[in-house]
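A.B. asks: Need a 3D model of the following:
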Amino acid sequence: MIDDFPQIRLGHVSVTPHRGDAAFRVLTARDLAAARAEIFQWEGYAPTPLLALRTLAAKTGIGAILYKDEGPRFGLGSFKALGGSYAAQCLLRREIAARTGRAVTLADIRTGKLRNLCSEMTLVSATDGNHGRSLAWGCRRFGASCRIYIHAEVSEGREAAIQDLGATVVRIAGDYDASVAEARKAAGDNGWFVVSDTSWTGYTQPPRDVMSGYGVMTQEICDALDEAPTHVFFQGGVGGLAASVIAGFRQHWADRAPRAVIVEPESAGCLFESARTGEPTTITVTQESVMAGLSCGEPSELAWEILAEEASDFLVLPDSAVAPTVRLLARPFADDPAIEAGETAVAGLAALIAARQDRDLSTELGLGSRSRVLLIGSEGVTDPAIFTRIMDGHDVA
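C.D. replies: Presented below is the predicted three-dimensional model:
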């Protein structure tokens, strides 16, 4: 095992998935194909690397560890670049078509043909950082106005990154879920359009578009592998990332799709509680996690439809595991590649290491020397100041 890595205890809920058609119905093959066809045309598109961590795998007694590094994605530092911008483009296309009564294509929005009409609309969302940055980037490209609502604990560095893309940033008191509510209210009061990565009753199309955009990353993974991984460890949050990738894997690999393990902070385990109760469950986040992008108290209803049928394991992770894992990736063993990852990106790896420290849990998860584990490195260094503090030895950013 890994010397000097802290002993971490995980909470675990195991369920038996009762598979239905959600992986094909909530996100259809057509949804995913349309997103790929468009995003492949975006300037600067390139697949992000899928890295093999061979020495780390050997030290943890795992057959293979694969790390999908989303840090280079479009210069925005995270997989979210695929979602918010694409959803914005889809919303602008729909609204302009409705207003003008004529056919509008995604290419019309992408190429600036309808920039004047786009400029008449304001798109709004709440964020912990990365989704808002993606939406602001898309709005700047397409010509729409953008307002992003952030909560009290979002770092100044992440706020500045959104402002640098031309968005108006509104900081509120309260947590992420309060910022979601405030963004919804402001949009309703002003005739703006919400582009959220979480869904609720009566609001599903933009989140579906967000999840469809994430499918580009899933396709890149499938294209790079000759066989399916045995396991994939996902960051939780509201569930959109995990649900999107699970749906793509199920459509691509059918019954050979990997076992899906969901990882959340101890302080924000809304999917963990949903698995325990058997229905979407909202919790109160009383303390923000250092895994800022996962500090969410309310699951996405749309995502939960897929997770309820496909995910078998739900884990909660203490914040104390985050900084050591960030440093472990940045200062790797032997010939493993050095990876500069943000706090949210390491949740899966931290949970994998902790599970291998616990013989019973490792057995429950079916982990062993023949396992091939995929990790989604969802973000690079999205706040350099926090990354520097962690690398200097601080365990709480």
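
A.B. asks: Low-confidence ranges, the protein, go.
C.D. replies: Low-confidence segments of the chain, defined by pLDDT under 70, are located at 396-397.

A.B. asks: Residue most distant from the centroid, it?
C.D. replies: Among residues of the chain, the one most distant from the C-alpha centroid is Gly101; the distance is 35.1 Å, by C-alpha atoms, centre = their mean.

A.B. asks: where does that residue sit relative to Arg110, distance-wise?
C.D. replies: Gly101 sits at a distance of 21 Å from Arg110 (criterion: C-beta to C-beta, to the nearest Å). In short, each C-beta sits where N, CA and C put it, glycine included.

A.B. asks: Give the full set of residues in contact with the residue nearest to the spatial centre of the chain.
C.D. replies: With distances taken as C-alpha atoms, centre = their mean, the chain has Leu241 as the residue nearest its mean C-alpha position (4.2 Å). Counting by C-beta atoms under 8 Å, 6 or more residues apart in numbering, Leu241 makes contact with Phe79, Tyr214, Phe234, Gln235, Ile376, Ser378.

A.B. asks: Next step: these restricted to strands.
C.D. replies: In strands, judged by DSSP state E, the following of the contacts of Leu241 are found: Phe234, Gln235, Ile376.

A.B. asks: surely the second one meets Glu343?
C.D. replies: No: counting by C-beta atoms under 8 Å, Gln235 stays clear of Glu343, with 10.4 Å between them.

A.B. asks: got any residues that touch both of those two?
C.D. replies: Met291, Gly293.

A.B. asks: CSV for the contacts of Leu241, including distance to Asp128 and neighbour count?
C.D. replies: Output for the contacts of Leu241, formatted as CSV (distance: C-beta to C-beta, whole Å; neighbours: other C-beta atoms under 10 Å):
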residue, distance to Asp128, neighbour count
Phe79, 14, 30
Tyr214, 16, 28
Phe234, 17, 29
Gln235, 12, 27
Ile376, 17, 26
Ser378, 12, 31
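
A.B. asks: thinking again about what came up before, could you check the distance from the residue nearest to the centre of the chain over to Cys296?
C.D. replies: Distance, Leu241 to Cys296, by C-beta to C-beta: 11 Å.

A.B. asks: ditto for Val232
C.D. replies: Taking C-beta to C-beta, one finds Val232 at 20 Å from Cys296.

A.B. asks: Kindly report the same for Trp253.
C.D. replies: To Cys296, Trp253 is 28 Å away according to C-beta to C-beta.

A.B. asks: Have a look at the protein and report its longest helix.
C.D. replies: For the chain, the helix that runs over the most residues, judged by DSSP state H, is helix 205-224.

A.B. asks: from what I can see Thr100 touches Asp108, true?
C.D. replies: No: with contact defined as C-beta under 8 Å, Thr100 does not reach Asp108; the gap is 10.7 Å.

A.B. asks: And those two? Which one has more around it.
C.D. replies: Set side by side, Thr100 and Asp108 show more neighbours around Asp108, with 19 against 11, by other C-beta atoms under 10 Å.
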